[in-house]
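Q: let me see the structure of the following:
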Amino acid sequence: MMPRENRREILQRYHDMYYRIRKVACPAFSKEFVHFNRHGFNHLIRKGRKLRKFEDQIRRLRLLPKAVSILMRVDQIISCKTIREGTRVIDFWEIESDNVHVIIRKVNNGSLHFFSIF
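A: Residues are numbered from 1 along each chain as shown. Modelled structure (predicted):
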């Protein structure tokens, strides 16, 4: 088992890398920017309010460079879904390359943001 201190350091390194990305122009959305914000990072390490297992966090975080590459070059959306939560309308889109799936989300009229990768 990995010491807690090492886990914190590893997560901090990925956190810093994630926030350096900022935004990526995506051809699947006519070059509209997909932003990398706290919602996406939190979803990589949590499922709802519960922390994901450390191994699952790391598996997803290691895929981040692929997410950027996929967002920059893939021009087709493979699925989309809209859900309503009270007054909020939440749209999800999925794009995929080489069996790596990237989920993009938009809440109401906000900007597109990275939400997940698997």
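Q: remind me, longest helix of this structure?
A: Identified as the longest helix of the chain according to DSSP state H is helix 4-21.
Q: in it, what counts as buried?
A: By neighbour count with 16 or more other C-beta atoms under 10 Å, helix 4-21 contains the buried residues 11, 14, 18, 21. Every residue, glycine included, has its C-beta placed from N, CA and C.
Q: same check, this time on stretch 63-71
A: 63-64, 67-68, 70-71.
Q: which residues are contacting the helix or strand of the chain with the lowest mean pLDDT?
A: The helix or strand of the chain with the lowest confidence, counting by mean pLDDT, DSSP states H and E, is helix 4-21 at a mean of 91. Residues from elsewhere that reach helix 4-21, judged by C-beta atoms under 8 Å, 6 or more residues apart in numbering: 36, 40-41, 44-45, 54, 57-58, 61, 64, 68.
Q: what two of these have the greatest distance between them?
A: Spanning the widest gap among these are Phe54 and Val68, at 22.9 Å by C-beta to C-beta.
Q: still on that earlier bit, determine which two of the buried residues of helix 4-21 are furthest apart.
A: Taking C-beta to C-beta, the two most distant members of the buried residues of helix 4-21 are Leu11 and Ile21; they sit 16.0 Å apart.
Q: strands along the protein, start to end?
A: Taking DSSP state E as the criterion, the chain carries its strands at 23-26, 32-35, 46-47, 50-51, 79-85, 88-97, 100-107, 113-117.
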